[in-house]
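Colleague: fold the following.
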Amino acid sequence: MKRTKVIDALKCTAYDAEICVKGWVRSKRGSKGIFFIALNDGSTIKNIQIVGEDQNFDTDTVKRITTGACISVVGTLVESPAAGQSSEIQAKNIEILGDCDNTYPLQKKGASWEYLRSVAHLRPRTNTFGAILRIRHNMAMAIHTYFHQHGYYYFHSPIITASDCEGAGQMFQVTTKNLYDLKKDENGSIIYDDDFFGKQASLTVSGQLEGELGATALGAIYTFGPTFRAENSNTPRHLAEFWMIEPEIAFMDLDELMDLEEDFIKYCVRWALDNCQDDLEFLNKMVDKGLIERLQGVLKEDFVRLPYTRGIEILQEAVAKGRKFEFPCNWGDDLASEHERYLVEEYFKKPVIMTNYPKKIKAFYMKIDDTKPVFNGQEMEETVQGTDVLFPSIGEIIGGSVREESYDKLLSEIESRNIPMKDMTWYLDTRKYGSCPHAGFGLGFERLILFVTGMQNIRDVIPFPRTPKNAEF
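Modeller: Just a heads-up that it's a prediction; the model follows:
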């Protein structure tokens with residue numbers, strides 16, 4: 001008999017019809033010769049209840065129906081007399097597809113997040129992680145749909161690269177060399193001539209630079225793929241392997257970039273509210289009681305457009321009134337998460353797009369502002385047309401900028417920051433041959449999932465987190 005997914009069985013109103021469902025047992029209880037099974041197949045947060053009479057099944061079969069066991073049930077779909085569920089199945093036949101003994105790690109309710117990370121190969125079977133992964137899928141669909149509908153082309157940037165987009169050097173190397181017998185030159189540098197690519201290669205930290213090549217040919221592109229950072233950061237906001245969405249658009253200025261960032265993020269949040277209602281309601285109840293209200297709030301408010309210099313003024317005014325921050329907030333400092341969250345959650349109480357950062361704390365490719373800002377009556381250093389979208393609970397969720405289109409200015413920045421020119425010649429060609437104004441941003445996919453699910457640790461919104469000293473499964 002053809003299987004019906006649980007999500008469809010719960011919607012079905014063809015009562016008294018015979019139906020087949022398959023899935024994993026979440027719980028089983030019994031009373032007066034009748035047993036009740038909560039069955040879930042991952043298609044929905046909701047379980048379907050299976051009702052069976054002990055006398056209709058052999059004792060061994062009933063005994064083998066344990067938490068975690070996989071079963072196939074054929075029975076009659078009936079209206080449920082129980083509150084909170086529309087239908088249930090009166091079982092006629094139950095087949096055990098996979099036994100599960102009492103060593104199953106998910107027996108206990110209320111397991112800690114840390115414990116569930118240790119069994120990451122099984123945690124998708126829990127209600128919470130099933131909900132997170134379904135929302136993750138929906139957010140991926142929202143991203144592709146948004147860009148497709150707006151005329152962008154999906155552009156595949158390389159995962160193995162010889163360029164360091166961020167200039168930070170925190171990259172994982174890719175090599176076929178024998179690490180126990182590395183050939184070096186007279187200066188002690190490793191010789192890569194005999195390596196697979198004939199040069200030092202790494203896993204990408206961003207697809208942006210290659211994405212800019214696509215934008216200068218196709219007009220508007222986006223990348224969506226895995227990126228890697230070899231940062232020794234054991235924080236709730238950092239992963240060594242994560243996914244990035246990076247659109248790059250020709251002929252776009254700063255105001256248009258901020259409009260795009262706001263429209264895009266609102267589209268994703270709206271998609272979640274429209275398509276993930278059951279999962280969001282579960283997470284709102286079990287994980288973050290303010291989740292749905294916060295998501296709805298993002299849609300209601302226009303994002304604040306805030307120059308960095310004004311942001312520092314607001315933070316220093318708060319300090320003068322007694323507000324304490326762990327980290328300093330002087331002009332020229334990169335803002336800490338506590339500063340970003342103060343601006344978003346306490347001062348403006350809405351999302352903020354911060355712009356025009358000091359050049360020295362931003363990447364080499366950002367367009368330099370025509371005028372210098374004035375702070376406390378003094379003209380400050382050069383700023384750039386960078387944008388950070390700051391969200392409640394998260395802090396920075398998007399980082400973008402107008403890209404510097406001037407060959408001479410870009411070359412000057414590359415040289416002043418000692419970025420190896422051999423890695424940049426191809427990138428400079430985009431400014432040498434038909435340069436154009438263009439802009440783009442990067443959205444860490446897991447940061448988006450953190451916000452949409454209300455989870456507090458980025459390791460809990462990706463199936464298999466990769467962090468320092470952790471590459472399990």
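Colleague: strands of the stretch 301-450 of the chain, start to end?
Modeller: In the stretch 301-450 of the chain, the strands defined using DSSP state E, counting those that start in this stretch lie at 304-307, 352-358, 374-375, 378-379, 383-391, 395-403, 438-444.
Colleague: what helices or strands is the fifth one leaning on?
Modeller: The helices and strands touching strand 383-391, judged by 3 or more CB pairs under 8 Å, 6 or more residues apart in numbering; DSSP states H and E, are helix 254-275, helix 337-341, strand 352-358, strand 395-403, strand 438-444. All C-beta atoms are positioned from the backbone trio N, CA, C, and that covers glycine.
Colleague: any buried residues in the second one, and which?
Modeller: Applying a neighbour-count criterion of 16 or more other CB atoms under 10 Å, one finds Ser337, His339, Glu340, Arg341 buried in helix 337-341.
Colleague: pLDDT (mean, whole number) over that helix?
Modeller: Averaged across helix 337-341, the pLDDT comes to 93.
Colleague: give me the contact list for that helix.
Modeller: Under the contact criterion CB atoms under 8 Å, 6 or more residues apart in numbering, helix 337-341 has outside partners 237, 311, 315, 325-327, 329, 352, 354, 388, 390, 392-393, 395-396.
Colleague: for the residues you listed, which one is nearest Ala91?
Modeller: Comparing the contacts of helix 337-341 against Ala91 with CB to CB picks out Ser393 as the nearest, at 43.7 Å.
Colleague: chain neighbours aside, what residue packs nearest to that closest one?
Modeller: Spatial nearest neighbour of Ser393, chain neighbours left out: Phe451 (6.5 Å); criterion: CB to CB, 6 or more residues apart in numbering.
Colleague: on that earlier part again, can you redo the strands of the stretch 301-450 of the chain as JSON lines with mean neighbour count and distance to Cys276?
Modeller: Shown next, in JSON lines, are the strands of the stretch 301-450 of the chain (neighbours: other CB atoms under 10 Å; distance: least, CB to CB, whole Å):
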{"stretch": "strand 304-307", "mean neighbour count": "17", "distance to Cys276": "27"}
{"stretch": "strand 352-358", "mean neighbour count": "22", "distance to Cys276": "25"}
{"stretch": "strand 374-375", "mean neighbour count": "14", "distance to Cys276": "44"}
{"stretch": "strand 378-379", "mean neighbour count": "9", "distance to Cys276": "49"}
{"stretch": "strand 383-391", "mean neighbour count": "25", "distance to Cys276": "18"}
{"stretch": "strand 395-403", "mean neighbour count": "23", "distance to Cys276": "18"}
{"stretch": "strand 438-444", "mean neighbour count": "24", "distance to Cys276": "18"}
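Colleague: quick one: which of the ones you listed is nearest Leu203?
Modeller: Among the strands of the stretch 301-450 of the chain, the nearest to Leu203 by CB to CB is strand 438-444 (16.0 Å).
Colleague: the closest one packs against which elements?
Modeller: Applying 3+ CB pairs under 8 Å, 6+ apart, we find strand 438-444 packed against helix 208-218, strand 241-250, helix 254-275, strand 383-391, strand 395-403.
Colleague: apply 10 Å and report the result again.
Modeller: Helices and strands touching strand 438-444, by 3 or more CB pairs under 10 Å, 6 or more residues apart in numbering; DSSP states H and E, are helix 208-218, strand 220-228, strand 241-250, helix 254-275, strand 383-391, strand 395-403.
Colleague: which one of the ones you listed is the most hemmed in?
Modeller: Among the helices and strands packed on strand 438-444, ranked by average contacts under mean count of other CB atoms under 10 Å, first place goes to strand 383-391 (a mean of 25).
Colleague: angle of that one against helix 254-275?
Modeller: Computed by axes from the mean of the first three to the mean of the last three CA atoms, to 10 degrees, the angle separating strand 383-391 from helix 254-275 equals 10 degrees.
Colleague: now do strand 383-391 against strand 352-358, angle only.
Modeller: Going by the same axes, to 10 degrees, strand 383-391 makes 150 degrees with strand 352-358.
Colleague: what's the mean pLDDT across strand 383-391?
Modeller: Averaged across strand 383-391, pLDDT comes to 97.
Colleague: then stretch 453-469?
Modeller: So the average pLDDT for stretch 453-469 ends up being 95.
Colleague: what residues sit buried inside that stretch?
Modeller: Neighbour-count burial for stretch 453-469, with 16+ other CB under 10 Å as criterion, is recorded at Thr453, Gly454, Met455, Ile458, Arg459, Asp460, Val461, Ile462, Pro465, Arg466, Thr467.
Colleague: would you confirm that the fifth one contacts Pro236?
Modeller: I take that to be Arg459. Yes - assessed by CB atoms under 10 Å, Arg459 is found in contact with Pro236 at 7.6 Å.
Colleague: bridging residues for the closest residue to Phe445 other than its chain neighbours?
Modeller: Spatially, and ignoring its direct neighbours in sequence, Phe445 is nearest to Trp243 (3.8 Å; CB to CB, 6+ apart). Counting by DSSP bridges, Trp243 is bridged to Pro226.
Colleague: can you pull out the helices in the stretch 51-200 of the chain?
Modeller: Along the stretch 51-200 of the chain, the segments classed as helices by DSSP state H, counting those that start in this stretch run 59-64, 113-118, 127-149.
Colleague: by contact count, what packs against the longest one?
Modeller: So that's helix 127-149. Here helix 127-149 touches helix 113-118, strand 153-154, strand 220-228, strand 241-250, helix 254-275, helix 277-286, helix 445-453, going by 3+ CB pairs under 10 Å, 6+ apart.
Colleague: pLDDT on that helix, on average?
Modeller: Mean pLDDT, helix 127-149: 98.
Colleague: sweet, I'm off.
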